[in-house]
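Q: Sequence unavailable; structure follows:
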């Protein structure tokens with residue numbers, strides 16, 4: 001916080017904003033330190049009161065769902081009387097986030113393997129062109145044929161890996177859809 005922000009601060013409003021954003025009490029300490037540099041003292045009671053009010057806005061079931069679905073970590077800021085509902089929503093959202101992350105991870109792996117496969121095909125095409133050039137020596141042709149054979153084996157391995165990942169992707173997508181379908185929250 002700047003010196004002006006510290007001087008003009010409505011500590012209850014600052015606490016409310018921090019609570020509504022789900023920030024822990026550690027933020028009060030950071031604000032206290034920032035304002036102490038300017039000789040300004042934070043009103044702890046006003047801040048805590050505002051934060052408690054803000055947490056009522058944050059610690060709802062739907063907010064928990066949104067936080068979980070977006071992959072946010074929960075830092076245990078909700079009071080005991082609100083935490084159960086928040087965690088129910090958070091758990092349902094987190095399940096969706098984790099299922100979507102699994103789908104994305106497999107799709108990324110497939111994409112990476114397909115790129116490698118495409119590069120192998122380019123390399124084999126280039127080597128095949130070198131193979132038929134008149135200036136390529138017999139020893140170079142033997143080396144090129146060995147390299148092409150090695151690349152063909154790797155290409156076959158990649159095709160098998162991609163096929164397995166495509167199967168896994170279909171499974172993970174179905175699991176993701178099932179989790180979405182079971183969710184009591186509107187998507």
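A: That came through, no problem. Values in this document were obtained by computation on a predicted structure and should not be read as measured data. Residues are numbered from 1 along each chain as shown.
Q: switch to C-alpha atoms for all contacts and neighbour counts from now on
A: Will do.
Q: Averaged pLDDT, the one helix or strand residue 28 maps to. What do you get?
A: Element membership for residue 28 (DSSP states H and E) is helix 26-36. Averaged across helix 26-36, pLDDT comes to 91.
Q: per-domain residue ranges of this protein.
A: For the chain, automatic domain parsing gives the domain ranges 1-58, 94-182.
Q: And the longest one, end to end?
A: What that stands for is domain 94-182. End-to-end distance of domain 94-182 (C-alpha to C-alpha, to the nearest Å): 13 Å.
Q: Pull the distance from it to the chain's centre.
A: How far domain 94-182 lies from its chain's middle: 24 Å, per C-alpha atoms, centre = their mean, to the nearest Å.
Q: Can you pull up the most central residue in the chain?
A: residue 71 (6.1 Å; C-alpha atoms, centre = their mean).
Q: What distance do you get for it to residue 85?
A: The gap separating residue 71 from residue 85 is 18 Å, by C-alpha to C-alpha.
Q: Go through the domains of the chain and name the closest to residue 67.
A: With C-alpha to C-alpha as the measure, domain 94-182 is the member of the domains of the chain nearest residue 67 (7.9 Å).
Q: Helices along this protein, start to end?
A: In the chain, the helices defined using DSSP state H lie at 3-8, 11-20, 26-36, 44-58, 61-69, 80-131, 138-182.
Q: Could you export these to TSV, including columns for mean neighbour count?
A: As requested, the helices of the chain are exported to TSV (neighbours: other C-alpha atoms under 10 Å):
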stretch	mean neighbour count
helix 3-8	13
helix 11-20	22
helix 26-36	15
helix 44-58	20
helix 61-69	22
helix 80-131	17
helix 138-182	15
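Q: Would you format the domains of the chain as TSV with distance to residue 64 included?
A: Output for these, formatted as TSV (distance: least, C-alpha to C-alpha, whole Å):
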stretch	distance to residue 64
domain 1-58	8
domain 94-182	9
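Q: Quickly, which of the ones you listed bottoms out on average pLDDT?
A: In terms of mean pLDDT, the lowest-scoring of these is domain 1-58 (a mean of 92).
Q: Help me confirm that residue 3 comes into contact with residue 41.
A: No - counting by C-alpha atoms under 8 Å, residue 3 stays clear of residue 41, with 11.3 Å between them.
Q: how much space between the residue of the chain positioned farthest from its centre and residue 84?
A: In the chain, the greatest distance from the average C-alpha position (C-alpha atoms, centre = their mean) is reached by residue 134, at 53.5 Å. Per C-alpha to C-alpha, residue 134 is found 77 Å from residue 84.
Q: do the same with residue 59
A: To residue 84, residue 59 is 9 Å away according to C-alpha to C-alpha.
Q: Residue 75 - how many residues pack around it?
A: A count of nearby residues for residue 75, using other C-alpha atoms under 10 Å, gives 9.
Q: oh sorry, the question was meant for residue 135
A: When counting by other C-alpha under 10 Å, one arrives at 9 neighbours for residue 135.
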